[in-house]
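1. predicted coordinates and the sequence they were generated for:
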Amino acid sequence: MSTLQVNVGDRRVSRSDPLSPDLINYLKESMRESVQQDPPYVFVIFGASGDLARKKIYPTLWWLYRDDLLPKNVHFVGYARSDLTMEKIRDSFEKNAKVRDNEKDKFEAFLKQNTYIQGSYDKVESFKKLQEFNDDLQKRTKQPVNRLYYLALPPSVFAEVTQHLKEACMDYGDSWTRIIIEKPFGTDKDQIYRIDHYLGKEMVQNLMTLRFGNRLFGPSWNRDHIASVVITFKEDFGTAGRAGYFDTSGIIRDVMQNHLMQVLTLLAMEKPVSLNAEDIRDEKVKVLKSMPPVELKDVIVGQYVANPDSAHPEAKAGYLDDKDVPNDSVTPTYCMAVLKVNNERWDGVPFIMKCGKGLDEKKSEVRIQFREVPGDIYAPGELKRTELVIRVAPNEAVYLKLMTKKPGMDFGVEESELWIYPTIVAIMVSVYLMHMSVYSLKSLWDLKSILSVPMSLNMHGFGGVIPGVDHTNLDPSGRSDLLRTIDKAKVHKNPSIFDLAIMYCRTKEIAEAVCECASNRFQRIYREALITVPSTVITRNRLLTESRTASSPLVDDLRSAATPPRAPSASTASTVNTSLANDYIQEVKQKTCNLMGNVLTFGLLVVCLPNEPREFAELIGRWQVGDLPVRELTLKLIELYGPERRQALTKLGALMAEQEQEEFYSFLAINGVQVDLDFR
Ligand SMILES: NC(=O)C1=CN([C@@H]2O[C@H](COP(=O)(O)OP(=O)(O)OC[C@H]3O[C@@H](n4cnc5c(N)ncnc54)[C@H](OP(=O)(O)O)[C@@H]3O)[C@@H](O)[C@H]2O)C=CC1
Ligand SMILES: O=C1O[C@H](COP(=O)(O)O)[C@@H](O)[C@H](O)[C@H]1O
């Protein structure tokens, strides 16, 4: 069997992004049996007219189909009572499927594999229509059909549907029939389904590594040192159009009993025998068994009411104002509960869970508070408890809140944060580099030439070292910060972004210039990167020979700044006049600073959500290669950034050649975005 290496950094930025080829191959390899087989499969979505089908099931099936991760001979059947057609179903989920332009043909092929059957849930005759479909397929393919029935229906109809499936829709013994049901679970079941999407989150996975991969935390991870554990899950939006589901579930069964409980067990469990799923699960089960039932006195529930000041449009109205929520609903949208783990490690330590919708912010995190230092020698009240914070969302991060000495002559203390997993930086760098990549292929071509970085650098082969740099004498810890950061930013597969990272680290001068104008965090990263930078001297002829003819105020500006008083001839290309080069470097530094300023301003203003930089970069990429006219680009960007942030898009004009810029600004104006004349 072949071995495939899959880089965890390939994790997708958003669920709709195509998987990397490596990961697809790996998945295919691990599913070879099922994916490459010929027998026909029928995937039936009961409740195809519903919310879950529209938002999750159809889009996910499409992504799997697109990435060739489904068996070749798979057919999808939507089933519901509503009078629908495949066209209508397509309309209902196409937006959520986020089909890219280059995927349109495949999407049509996917739709061709889909059928809709209108039928009831309580009459066996309707189910016979479904079985006719299966039989017909069996006849056409001359092979037994495997059946997978997904019940995207309210639990109230599960019993009759499964009964009718048994009566009319089973296989004939030479293939299989399976049924999937959805959460909420937990009213009358003694088993809880074990798949939980929270376990796929980077920071949730990191909990184990932090605990079991560090000597530091192991000895203090117990009741002797930990005072409390707080697990918070807050959302600033309401039911997001899923009131039908949510009102029958409530926040406790929606997130607390599953997602937050998973987090709790990971925090509280003993070290598993191995990293095998079964071994981990065994330890989690022991934690659950050590937990006494929650007492009512330890629970607070609530329901959000209208908050006209809320930043989120949905939370401006109250839960009961939602048109799909019954007026007299008493479903909790908020819950705080204190849980206990009665074992030797945790006896007496409260595990406080807080979760809710329609709250002041979106935040999901764990806070582990350590006990006070015994024998305190500082002024009363000065020492704060040490706290470990693991933030799951937004902007995953891990940091430790510690007491440190205040700089100065006395022994005053202050609270400091030690960032262990500074993903904020990673995200910022990703944003930053994404936006820099915009420059790299458009008007910054000139600057790139100035920096004498060959455009042809092949970043695909990048394996953790910067090509062309002698690494033998480098301190790996310094430079690896940058590499790790870039890797964490999930951008290492994007050659243009790597082009940029390397472009800015390739000469000492440029790295310094970048440092000057970037924020402190960027400075730290780039200074570390600087360690690796060889002091190559810039040759000016490259600028002259490689500069493009694109014209924009910014480009012209750059070009004039970079044009030497007397242009050296090509034959003197490699001879560098040091003083000229120094002046020139100063000018380039200045221009780089200005550009960086613009990029930062632009980047920081517009980028808020994790998936946006990626979509933004894609749009820009298409525009760069001439695949997207400027008007269409503008429209798509306006759509992407929504009404609140579209103003920030005006800054993008700085990247454009004059003619395009005019078109861009006037198109923005038509769409209600006022262009700041000063900026222009
Ligand atoms: N939506 C979500 O995000 C989530 C949903 N779930 C679970 O998934 C399942 C489906 O959820 P969702 O799609 O939101 O549900 P919906 O309320 O949208 O219902 C799905 C479909 O079921 C049919 N239906 C609705 N009410 C009834 C009823 N009383 N009797 C018979 N049929 C009915 C309707 O189809 P038609 O009338 O056309 O037959 C409807 O389109 C539920 O079990 C829910 O708890 C779990 C997690 C998240
Ligand atoms: O399962 C659910 O999880 C989401 C929160 O998960 P996230 O990955 O989007 O943060 C929650 O909004 C939803 O109500 C719940 O059903």
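-> Okay, I see it. Ligands and ions are numbered 1, 2, ... in the order given.

2. quick one: residues contacting whatever residue of the chain ends up closest to ligand 1.
-> The nearest approach of the chain to ligand 1 comes at Gly50, 2.4 Å away (C-beta to the nearest ligand atom). In this view, the C-beta of every residue, glycine as well, is placed from N, C-alpha and C. By C-beta atoms under 8 Å, 6 or more residues apart in numbering, the contact set of Gly50 is 80, 152-153, 244.

3. swap in 10 Å and give it another go.
-> The contact partners of Gly50, by C-beta atoms under 10 Å, 6 or more residues apart in numbering, come to 57, 80, 82, 92, 152-154, 242, 244-245.

4. narrow those to those that are buried.
-> Of the members of the contacts of Gly50, the ones counted as buried by neighbours, 16 or more other C-beta atoms under 10 Å, are 57, 80, 92, 152-153, 242, 245.

5. tell me which of those fall in strands.
-> Ala80 (DSSP state E).

6. so which of the buried ones among the contacts of Gly50 are in helices?
-> Using DSSP state H, 92, 245 are the members of the buried ones among the contacts of Gly50 that sit in helices.

7. looking at the buried ones among the contacts of Gly50, spot the one nearest Glu372.
-> For the buried ones among the contacts of Gly50, the residue nearest Glu372 by C-beta to C-beta is Arg242; the value is 43.5 Å.

8. that closest one against Glu182, yeah?
-> No - applying C-beta atoms under 10 Å, one finds Arg242 not in contact with Glu182, separated by 11.8 Å.

9. what do the two both touch?
-> Counting by C-beta under 10 Å, 6+ apart, the common neighbours of Arg242 and Glu182 are 52, 56.

10. turn the contacts of Gly50 into CSV, including pLDDT and distance to Ser416.
-> Shown next, in CSV, are these (pLDDT from 0 to 100; distance: C-beta to C-beta, whole Å):
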residue, pLDDT, distance to Ser416
Ile57, 91, 47
Ala80, 98, 57
Ser82, 96, 59
Ser92, 96, 51
Ala152, 91, 49
Leu153, 91, 53
Pro154, 85, 51
Arg242, 84, 42
Gly244, 83, 48
Tyr245, 84, 44
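
11. of all the residues in the helix or strand Glu94 falls within, which ones are buried?
-> In the assignment (DSSP states H and E), Glu94 maps to helix 86-97. For helix 86-97, a neighbour-count test (16+ other C-beta under 10 Å) marks 89-90, 92-94, 96-97 as buried.

12. what helix or strand is Glu125 located in?
-> Using DSSP H and E, Glu125 sits in helix 124-141.

13. and that helix with ligand 1, contact?
-> No - Helix 124-141 lies out of reach of ligand 1 by C-beta under 6 Å from any ligand atom, never closer than 10.4 Å.

14. now for that helix, which elements pack on it?
-> Using 3 or more C-beta pairs under 10 Å, 6 or more residues apart in numbering; DSSP states H and E as the contact test, the elements touching helix 124-141 are strand 41-46, strand 74-80, strand 114-118, strand 146-151, helix 158-168.

15. orientation of that helix relative to strand 74-80 in degrees?
-> For helix 124-141 against strand 74-80, the angle by axes from the mean of the first three to the mean of the last three C-alpha atoms, to 10 degrees is 170 degrees.

16. what is the mean pLDDT for helix 124-141?
-> Helix 124-141 comes out with an average pLDDT of 96.
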